[in-house]
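1. quick one: sequence and predicted model below, then my questions.
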There are 2 protein chains.
Amino acid sequence: MRSTPRTEAFPAHTPAAAQIFTTVLSHGPLTRSDMAGRAGLSAAAVTKAVRPLIEAGYLVEEAGDEARPALGRPANSVRVDGGRALFIGVKVTGDEIIALLTDLCCRIRVARHVPLRGREPQPVLTAVADLVQELLAEADGFGVQVQGIGVAVSGDVDRAAGEVRLSPFLEWRDLPLGELVEMTTGLPVTVDNDVRALTVAEQWFGAGVGLSDFAVVTVGAGIGCGLVVHGKVVSGAHGVAGEIGHVVIDPTGPLCHCGNRGCAEAIAADPAIVAAVRDATGLPVADAAQAVELARRGDPGAREVYARAGDAIGRAIATVANLMGPERVIISGEGLAAYDLFAEQIRDAFAASAFGTAARCDLLTRPLAFDEWARGAAATAIQSFIGGPPHGTG
Amino acid sequence: MRSTPRTEAFPAHTPAAAQIFTTVLSHGPLTRSDMAGRAGLSAAAVTKAVRPLIEAGYLVEEAGDEARPALGRPANSVRVDGGRALFIGVKVTGDEIIALLTDLCCRIRVARHVPLRGREPQPVLTAVADLVQELLAEADGFGVQVQGIGVAVSGDVDRAAGEVRLSPFLEWRDLPLGELVEMTTGLPVTVDNDVRALTVAEQWFGAGVGLSDFAVVTVGAGIGCGLVVHGKVVSGAHGVAGEIGHVVIDPTGPLCHCGNRGCAEAIAADPAIVAAVRDATGLPVADAAQAVELARRGDPGAREVYARAGDAIGRAIATVANLMGPERVIISGEGLAAYDLFAEQIRDAFAASAFGTAARCDLLTRPLAFDEWARGAAATAIQSFIGGPPHGTG
DNA sequence: GGTGATTCTTTTCCGTCGTCAATGAAAGAA
DNA sequence: TTCTTTCATTGACGACGGAAAAGAATCACC
């Protein structure tokens, strides 16, 4: 039997140190004067912040011999030692659990997933605990301690309290998930909404690095949106934000489960597309993969459905851009498998609906690996571990 | 001839002092321990921050003899001395200029407005300069120095640079308005977008006090929206945000000047309403006042137009609520004169379209006096004068 | 009218953090 | 070798805010 995992504290005792560290984490190897510039600190402050982090092994000096400016003392780059700590990210969906072991740089070391039968908290918790134990065993193999667990769940999640307030997919309500997982694992647990977790991953390790205002739009079983404004992920006063799926695109459109007609989700989410393709073609299309295939083979009905979906997504994104003026929108999600089928419509609809300079916003697609959601969860765990102030603009 | 105005620096040398001051400014008279609690500082820090502000006359001790808890040393309340400094707020619209003299608490002392003939920068600047001179003369009468001028303009404004990048109403482009007004007045000038200015006024002096996430929606000649997220007004990466007017409500609706169909502005802004009422009734309705009157007298066509407008506004607000989860939405603007005609539809449409806990968001109407826009401009001037970090959550 | 209890406020001391300016270090250039 | 350039470190310093203790103002009680 394994002894209870021990976690250690991250040695960033000052806000500046945490800021320096996240800067290096996001922007790869940096020289000390680079850090000073990006973080808006003096060189002296950087030296003082970096030393304990190097001593603790979280940062390492790098023999940065690339493209020196040939004059003056060469700069010493510093980078994060990803192998210094491990984290576990868990994504719980309605029918499976995905769990990852990642390093401090959020690089995936091991991935596991198990199908899920029941949705009661009890069996789900047991399955999560089992997966976590497996990954902890793997971590032992690396000889590195796991410092935290992130759990991502769709729905209304209170990260600070570690509680799932309402998850329609899982039919959970007011579940102190963080506490429960903490009890079975003995590790610090961060619970967050899945889209927000993905947004954190993009902000720290992805296409949102260095941006203070951007959005992540996910297309798949549902349509979601994570927002970063003023350098921080938006949670909303009541814990819910980014509900782009229920932006009404066409008041005469199909009925949505929320009760309205023509929500983006009722037009462009996978179930809606499958249903619409079935309607249009009369064929017994069972899932999104079949719908995509049909469209790729040129079925006009199916193609039309995808065109409409792309239009809806583009207009939903334009709505976000008009309201918040992000610098970039990152489009992601399982639904991107069909991107070739609606890319044009998304861009056209966005261009037509974005108003004024909002149209300057940069649209970026990012194919979503199946384990990306769990990676988001790991990112929240890393965030909690490092603590300190939220990611700045640098 | 008056001597060149001299402005003084605000004596809040530490961020904590500025925070304390804005807390008192927004939350009225406060005892020192109240401030400490709200600002998250120690009592000692409050004492140290308050003293220089009292010495400089910006704060004054108040004989707060109301409802003492009967035990212990009575608390001394402190409040802002509004009369300590004056500010000028100017709102430039397509056909008139409104200028206000306000005190430090943004209370209006004197209001002036003049019609505007040309829209060229030159005559507008002259008119602004004349109005400002008049108000400076009034300020002399109070024996108090004017410490800054705020100018609010619709369109794309870069506050930091003091430039109007694009104002469709005024047909201005890349105009260094701040610099120009500063030259003619010798006072520090803050230039900002009109809706954002109004939002600042609500955040510091209105219904947004103490909220870290809220929205201001204005209904009138256009439909606008100011957003506060994480305690700061959202400006967007490209200077534009809150373009709620071009959220598409009904893709089959009337053509909007932006080129799309069924934008909120194309349904619910004054010109759209007037046009629709004309269409519906066949009467030569000239302006919003006549349309309102017609509807109030029970004309079914006009009533229907207002009902549709209310529905559009409610859905636009729900879109904002779904995306950013504000704690409150403040509805304002000249269009509120017709509030009785569409209040019900706004609330119904909002309730129907707001998803999940976003519906908990609190809808508040705030009748807009004609000079409220200029007051927003004054608020931005006050904000610039005080400097320091943006308004916190407290 | 003391004396004590209670609460608000101020004072004093102290630790922390980050900047400034000077110094040291590592290269290439002259 | 010596100078120049750039990066990095050091130590002195000052600003800021917190902890704790003292002071102040009131009421309750004897």
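-> Structure's in. What do you need?
2. what's the neighbour count on the residue of the stretch 101-250 of chain A found nearest DNA strand D?
-> Per CB to the nearest atom of the strand, A:Gly210 is where the stretch 101-250 of chain A lies closest to DNA strand D, at 19.8 Å. Using the backbone N, CA and C atoms, a C-beta is placed for each residue, glycine as well. Other residues lying near A:Gly210 total 16 when counted by other CB atoms under 10 Å in any protein chain shown.
3. isn't it up against A:Ser26?
-> Yes - counting by CB atoms under 8 Å, A:Ser26 is a contact partner of A:Gly210 at 7.0 Å.
4. so what sits against both of the two?
-> Common neighbours of A:Gly210 and A:Ser26, using CB atoms under 8 Å, 6 or more residues apart in numbering or on different chains, do not exist here.
5. the residue of the stretch 101-250 of chain A closest to DNA strand D belongs to a helix, doesn't it?
-> No - A:Gly210 is assigned coil when assessed by DSSP: H, G, I helix; E, B strand; the rest coil, not a helix.
6. ok, it to DNA strand C distance?
-> 20 Å (CB to the nearest atom of the strand, to the nearest Å).
7. ok, now how distant is that residue from B:Gly282?
-> For A:Gly210, the distance to B:Gly282 equals 58 Å [CB to CB, to the nearest Å].
8. cool, A:Leu25 as well?
-> Taken as CB to CB, the span from A:Leu25 to B:Gly282 is 67 Å.
9. now for the host helix or strand of A:Thr126, which elements pack on it?
-> Element membership for A:Thr126 (DSSP states H and E) is helix A:121-142. Helix A:121-142 makes packing contacts with strand A:86-92, strand A:96-103, strand A:108-115, strand A:146-153, helix A:177-185 when contacts are defined by 3 or more CB pairs under 8 Å, 6 or more residues apart in numbering or on different chains; DSSP states H and E.
10. adding mean pLDDT, write the ones you listed out as CSV.
-> Listed next are the helices and strands packed on helix A:121-142 as CSV, based on pLDDT from 0 to 100:
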stretch, mean pLDDT
strand A:86-92, 97
strand A:96-103, 96
strand A:108-115, 94
strand A:146-153, 96
helix A:177-185, 94
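11. comparing the ones you listed, which comes out most buried?
-> strand A:86-92 (a mean of 29; mean count of other CB atoms under 10 Å in any protein chain shown).
12. tell me the strands beside that strand, with direction?
-> strand A:96-103 (antiparallel), strand A:146-153 (parallel) (DSSP bridges).
13. now the angle between helix A:177-185 and that strand, please.
-> 120 degrees (axes from the mean of the first three to the mean of the last three CA atoms, to 10 degrees).
14. what's stretch A:167-178 in contact with?
-> Applying CB under 8 Å, 6+ apart, the external contacts of stretch A:167-178 come out as A:92-94, A:119, A:121, A:124, A:151, A:153-157, A:161-166, A:189-191.
15. which of these count as buried?
-> Burial by neighbour count, 16 or more other CB atoms under 10 Å in any protein chain shown: within the contacts of stretch A:167-178 this picks out A:92-93, A:121, A:124, A:151, A:153-157, A:162-166, A:189-191.
16. burial measure for the closest residue in space to A:Ser33 that isn't next to it in sequence, as a count.
-> Once flanking residues are discounted, A:Ser33 sits nearest to A:Ala43: 5.9 Å by CB to CB, 6 or more residues apart in numbering or on different chains. Other residues within reach of A:Ala43, judged by other CB under 10 Å, total 12.
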